[in-house]
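Asker: give the three-dimensional model of this entry:
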Amino acid sequence: MLVSSVFAQQKSGIRVDTLLNDRWNVQQAVFDVEANKVLVVSEINERNTLFILEPGKSKLLKPGFTNGALQSANWDRNPEKLIASSAENGQLYRLDGQNWQYLLADRDVSAAYPVYNHSGNLLLFEGMRANQQNSSLFTYDFVYHNLNELDLTKNCQNPQWSPSDELISCTRAQDKDTEIALYHWYGAFYGLIKSDTLALRDACWTESDYRLIFVGEGKQFNYVLSSRKDGTDLKVLFSSTTKLSRPSRINGHDQLLLLQQTSTNRTQLLRIYLDEQSVQNHVNIKNLNHESATRRIQF
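Answerer: Residues are numbered from 1 along each chain as shown. Below you'll find the model as predicted:
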């Protein structure tokens, strides 16, 4: 299946490619470790469909899974396999060839947005037990078959491993706003990145444990921001008058995958080429709170 032509544009000196326009209404997109293929969850004809996109060839490869209840997907630790979750029952599935197999079927927890650590021995996901009101973070150990709920008291979403697998980032609800929370891999709290004026969410890591990229949503603009893990050295990478979500850095490249809402309230997939000379470093950090590495970000 051919994709509509990829085109490049210039925004604030940063090159932006539209990989999939809003007719695909992309829900999620993740590059593989070689940055050659993108795993895409896309809403087509009111059904979520799982694709593999090869951007250089402008071609979509369909692995053969279409399900209106499909919520999220990711690459398995085996590159020939995929892992996905169902929005209907929270069940995890592993795609091996054309066969979908249940994963953790005997564990009483619904799951979403699974992601393997870089060693491949731990699966991290956003989960909820039947008696819980909010989602928390879970890890599953494939060596010892342990399912561990991290000691969290907030509603946590979009978990991501740091490059060393020592830290976990997530979006955490705080009253009506959201913030970026960081935890050690075993669940101990590490710190927060907060803002008095922006709802911060959807963090991903750069090439090291020292820097993150995340979205800040204000009343008029959405920003893609980058900062150290303590919230300092804040930079604006990209801005939009429409909603931005789920930035994902391409390993070994100064590029991002990013979802952008359009005027039709559908979502397109962008690839952003980061150029340090075009980064706007005009953000002031104020009201430092040194407890638990918390930083308050002020525009």
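Asker: secondary structure element for Arg201?
Answerer: strand 199-205 (DSSP states H and E).
Asker: now do that strand: distance to the chain's middle.
Answerer: Remark: strand 199-205 is offset 8 Å from the chain centroid, using CA atoms, centre = their mean, to the nearest Å.
Asker: what does it contact?
Answerer: 157-158, 160-163, 169-171, 177-180, 193-194, 211-218, 225, 245-249, 297 (CB atoms under 8 Å, 6 or more residues apart in numbering). For the C-beta atoms, the positions are set from N, CA and C on the backbone; glycine is no exception.
Asker: would you confirm that Glu43 contacts Arg23?
Answerer: No - assessed by CB atoms under 8 Å, Glu43 is found out of contact with Arg23, at 10.1 Å.
Asker: and stretch 87-99, how far out from the chain's middle?
Answerer: 19 Å.
Asker: now do the same end-to-end measure for it.
Answerer: The straight-line separation of the ends of stretch 87-99 (CA to CA, to the nearest Å) is 19 Å.
Asker: shouldn't Gly231 be in contact with Ala181?
Answerer: No - assessed by CB under 8 Å, Gly231 is found out of contact with Ala181, at 11.9 Å.
Asker: if we can go back for a sec, helices or strands next to the next helix or strand after the strand holding Arg201 in the packing?
Answerer: Next in sequence after strand 199-205, counting helices and strands by DSSP H and E, comes strand 211-217. Here strand 211-217 touches strand 189-195, strand 199-205, strand 222-228, strand 244-249, going by 3 or more CB pairs under 8 Å, 6 or more residues apart in numbering; DSSP states H and E.
Asker: now the ones you listed as TSV including mean pLDDT, distance to Gln260 and mean neighbour count?
Answerer: As requested, the helices and strands packed on strand 211-217 are arranged in TSV below (pLDDT from 0 to 100; distance: least, CB to CB, whole Å; neighbours: other CB atoms under 10 Å):
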stretch	mean pLDDT	distance to Gln260	mean neighbour count
strand 189-195	92	21	20
strand 199-205	95	12	22
strand 222-228	94	8	21
strand 244-249	94	6	21
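Asker: nearest to Gln268, of these?
Answerer: strand 244-249 (10.9 Å; CB to CB).
Asker: more crowded one of Glu43 and Arg23?
Answerer: Ranked by neighbour count (other CB atoms under 10 Å), Glu43 and Arg23 place Glu43 first, with 16 against 13.
Asker: shaky segments in this protein?
Answerer: Applying pLDDT under 70 to the chain flags residues 1-13, 63-68, 97-98, 151-153, 252, 275-299.
Asker: still on that earlier bit, give the partner strands of the strand holding Arg201 in its sheet and their orientations.
Answerer: Strand 199-205 pairs in its sheet with strand 211-217 (antiparallel), by DSSP bridges.
Asker: what does the strand it pairs with rub up against?
Answerer: 169, 180, 193, 195, 198-206, 222-229, 237, 243-245, 247, 249, 256, 297.
Asker: any idea how far the most centrally placed residue in the chain is from Thr139?
Answerer: By CA atoms, centre = their mean, the mean C-alpha position of the chain lies nearest to Arg246, the distance being 4.4 Å. Distance of Arg246 to Thr139, given as CB to CB, to the nearest Å: 21 Å.
Asker: cool, Ser42 as well?
Answerer: In terms of CB to CB, Ser42 sits 28 Å off from Thr139.
Asker: also Gln157?
Answerer: 15 Å.
Asker: one more: Leu103?
Answerer: Counting by CB to CB, the gap from Leu103 to Thr139 is 14 Å.
Asker: between these two, who's got more neighbours?
Answerer: Thr139 (22 against 18).
Asker: I figured the more buried one hits Leu124, correct?
Answerer: Yes - because the distance of 5.3 Å satisfies CB under 8 Å, Thr139 is recorded as touching Leu124.
Asker: which neighbours do Gly231 and Ala181 have in common?
Answerer: Both Gly231 and Ala181 are in contact with Leu192, where contact means CB under 8 Å, 6+ apart.
Asker: of those two, who's got more company?
Answerer: Using other CB under 10 Å, the more surrounded residue of Gly231 and Ala181 is Ala181, with 26 against 23.
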